[in-house]
Structure formats: C-alpha cells, structure tokens
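Student: Show me the folded form of this:
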Amino acid sequence: MGRTGIVKDNRYLNHAADSYHPESPERLQAVYKMLEEPDMQDKFVEIQPRVATDEELELIHGRRYIQLVASTANRDYTMLDPDTYANRESYETAKLAAGGTLSAVDKVLNGELNNAFAFIRPPGHHAESNRAMGFCLFNNVAIAAGYSTKSYSLKKVLIIDWDLHHGNGTQHSFYERPDVLYFSAHQFPYYPGTGYVTEVGSGAGKGFTVNVPLQAGPGDAEYMQVFEEVLEPIALEFKPEIIFVSAGFDIYYQDPLGGMQVTPAGFANLAKVVLDFAKETCKGKVVFVLEGGYHLNGLRDSIKEVLKAMRGDILSPGRDDKIREKVDRQLIDPVIRKVKEAQKPFWKNI
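Tutor: Now for the predicted structure:
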C-alpha cells in the first residue's frame, strides 16, 4: 500500500456565512469525522498546511484583487459576488487553503508521499485572476499548478476537473499555455456557462484544454466511459509529471445542486482510472483538491471510497468492469464523438 497524505485543519472551518449557504463548514466537519472512524483512523499521513505567500497567490491572481480580498478582513461580512461571501476570517482561511495545497505538492514532488488529498475550503476553481466567483476566493488548484511549473520547473502538468460545474477560472489561467493541460467533465449548460466542446485553448495553448459538456443524467458508467475513452488516452500521450484533481462531489446522485447520478463506487472508479495512468506517466504523483459537494452524507461516503482507492486498499482492487455494462450509449456517445472531433487535430490517440 502507498503512503497517502491528507491536509486537514480546523482553521478551514472559520470561513462561514452569517446565514444558510451551501458552502458551509459542515462540509469539512462531515469529512473530518469520517477520517476518525476506526477503519480510516491512522491510515493517512497528516500534512501541516501553511499560508500561501502573496508571491504565490500572484502566480494566478492580480495584486489588486488580492488586496480586495484582504480588505474583507476589516468587515464582519462581505458579498464578493451574488454567490460568494467573506467574513473576517475568510482571507486568512483562503490563503491557508492555497498554502495547504502547496504543502501537499511539496510532499508528493519530494517523494515523501505517493499521493495526497487536500481537504480545504473555500474551494477555488471558479476564482478568476481578478474576481471571486461561485463560492471561490483563490484558485487553489491553479496556484498549485503554477507553483509546480515555477518552483519545480515541471514542463507538463495535468489538471482534471470532475466537479459538476466547469472550472472557468482554472481554464482561463492556462488557456494560452502548453505546459498545463486542463480537462473538465461538467454539466452543461449550467453555471458558469463556460466549457463548451470547442473551447480547446488558444495560441501556444491550443489543444491543451479539453471540455466534455454533459447534459444532466450521466452516472457511474457514463463518467467512466468519458474517462477511459477521452481522458486516459490524452493523458498517456501528454505524459504529465504531476496530476491535480479538482475533486468536486456535486456530481453525486443526491446532490442538491446537481443533476448527475454518480455513486461513491463511481467516484472510486474515476479515481482508479486517474491513479492507473498516473503510475505510467508520473510515478503516481496525484494531488486531489476538494472543490464542491453539498450532500453531506454523499460527500463523506464518496471521499471515503476515493481515499481507499488512493491507498490501494485491498477492499477496492482494480476498476469495476461491471459498471461498463450499464452505460447508456445514447446518452454519452454523441458527446464523446463531438469531443473527439474537437481534439483529433491535437492528439494522435484520441
């Protein structure tokens, strides 16, 4: 079994709304409680998070925007966009979220850990260089990818985004860069309205953005088909040196914000696909980073299965071949065909 690290810290609970909000501290409380269960306790290496520096935040975000988020620490409550709040603690918590992800990157790239999962909040993949969006303040995964290329001189970084919503901020961060490949499977048309199949990058980055826009309905089998027929061949050809997963669990079948049908077993299989090609391309170096997921039991159970897959747990060996037999070809084949047509000019194996 491999060594799997986790980033957890009660300070991530300090970012809280003054009334009901789906992105709440209860999300992490459910996860942290699961990590204390007898079959999970002491199975993971705890990674001490740190606060990201301004220089690290500026790998993705503009200085004026960072100052804007910093100014929210002077007020009890601030709405940065119609969906995105900040309290007095949010700026420090968001810097800790970005820094906690970087702590995981260091441990994995230095060879101390095989892989890691950063259980952090607020989430990040909607955050643009100059604005907060969709519950996100700083783009944790994008900052980590930029950090990997700058501090470790990596030439090929892969970001996989399986969150229900398209990661507009992450896509825009690397849209013209060939060193970071961004892959997203997401519900479409849906918030934030980006992520159509023809968005493939531009300039030097053309061909390094892969979008799989899905209508509501796909579940375990359909997602597995997308990962095996689109993501896996591209990843094997790209040969990343590290892989990040923007792990949103709002594609869970009972999530209140989504229309997808993925089960905890389905999440485990998606993780296994990623971990399998990671072994071939980058010695298994994968950092999962928490994004969305708003059904507390679903979040807890799905993350538990992903962690088992990351450890190579004997309870969940290999991919579940039976899932493939349940695929709704009429639902998924037209989308896969469009994606392959858009990506064929750039990838031989697609």
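
Student: Tell me the buried residues in stretch 190-206?
Tutor: 190, 191, 192, 194, 195, 197, 199, 200, 201, 205 (16 or more other C-beta atoms under 10 Å). Backbone N, C-alpha and C define where each C-beta goes, glycine included.

Student: What segments of the stretch 201-350 of the chain are helices?
Tutor: 220-226, 232-238, 264-282, 296-311, 321-324, 329-343 (DSSP state H, counting those that start in this stretch).

Student: oh sorry, the question was meant for the stretch 51-200 of the chain
Tutor: For the stretch 51-200 of the chain, applying DSSP H, counting those that start in this stretch gives helices covering 54-57, 63-71, 90-109, 140-151, 168-174.

Student: so which of those comes closest to residue 9?
Tutor: Minimum separation from residue 9 across the helices of the stretch 51-200 of the chain (C-beta to C-beta) falls at helix 90-109, 6.8 Å.

Student: Show me how far the closest one is from its chain's centre.
Tutor: 14 Å (C-alpha atoms, centre = their mean, to the nearest Å).

Student: list the helices and strands it packs on?
Tutor: Under the contact definition 3 or more C-beta pairs under 8 Å, 6 or more residues apart in numbering; DSSP states H and E, helix 90-109 sits against strand 4-7, strand 45-47, helix 54-57, helix 63-71, strand 115-118, helix 140-151, strand 242-247, strand 286-290.

Student: mind putting those in CSV, mean neighbour count included?
Tutor: Formatted as CSV, the helices and strands packed on helix 90-109 follow (neighbours: other C-beta atoms under 10 Å):
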stretch, mean neighbour count
strand 4-7, 24
strand 45-47, 17
helix 54-57, 16
helix 63-71, 15
strand 115-118, 28
helix 140-151, 25
strand 242-247, 27
strand 286-290, 28
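
Student: Quick one: closest of the ones you listed to residue 15.
Tutor: Proximity to residue 15 (C-beta to C-beta) singles out helix 63-71 among the helices and strands packed on helix 90-109, at 11.6 Å.

Student: which helices and strands does the closest one pack with?
Tutor: On a contact count with 3+ C-beta pairs under 8 Å, 6+ apart, helix 63-71 meets helix 54-57, helix 90-109.

Student: Single out the most deeply packed of those.
Tutor: helix 90-109 (a mean of 25; mean count of other C-beta atoms under 10 Å).

Student: and the angle from that helix to helix 264-282?
Tutor: If you take axes from the mean of the first three to the mean of the last three C-alpha atoms, to 10 degrees, helix 90-109 sits at 60 degrees to helix 264-282.

Student: picking that back up, looking at the helices and strands packed on helix 90-109, which is closest to residue 132?
Tutor: Residue 132 lies closest to helix 63-71 among the helices and strands packed on helix 90-109, at 7.1 Å (C-beta to C-beta).

Student: how distant is that closest one from the center of its chain?
Tutor: 24 Å.

Student: Number of residues surrounding residue 320?
Tutor: Residues near residue 320, counting by other C-beta atoms under 10 Å, number 17.

Student: How about residue 328?
Tutor: The number of residues packed near residue 328 is 14, by other C-beta under 10 Å.

Student: So, low pLDDT: which residues of the stretch 1-150 of the chain?
Tutor: Along the stretch 1-150 of the chain, segments meeting pLDDT under 70 span 1-2.

Student: picking up where we left off before, same list (the helices and strands packed on helix 63-71) but as CSV, adding distance to residue 334.
Tutor: Converted to CSV, the helices and strands packed on helix 63-71 look like this (distance: least, C-beta to C-beta, whole Å):
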stretch, distance to residue 334
helix 54-57, 40
helix 90-109, 36
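
Student: Minimum distance to residue 129: which of these has it?
Tutor: Shortest distance between residue 129 and these, using C-beta to C-beta, is found for helix 54-57: 10.4 Å.

Student: Tell me which other helices or strands that closest one touches.
Tutor: Counting by 3+ C-beta pairs under 8 Å, 6+ apart, helix 54-57 packs on helix 63-71, helix 90-109, helix 140-151.

Student: Next, the contact list for the nearest residue to residue 220 once chain neighbours are set aside, please.
Tutor: Excluding the flanking residues, the one nearest residue 220 by C-beta to C-beta, 6 or more residues apart in numbering is residue 266, at 3.1 Å. Residue 266 sits next to 219, 220, 223, 224, 323 when contact means C-beta atoms under 8 Å, 6 or more residues apart in numbering.

Student: picking up where we left off before, could you dump the helices of the stretch 51-200 of the chain into a markdown table and include distance to residue 304?
Tutor: A markdown table is the format used below for the helices of the stretch 51-200 of the chain (distance: least, C-beta to C-beta, whole Å):
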| stretch | distance to residue 304 |
| --- | --- |
| helix 54-57 | 31 |
| helix 63-71 | 32 |
| helix 90-109 | 19 |
| helix 140-151 | 22 |
| helix 168-174 | 26 |
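
Student: Go through these and name the closest to residue 124.
Tutor: Closest among those, using C-beta to C-beta: helix 140-151, at 3.7 Å.
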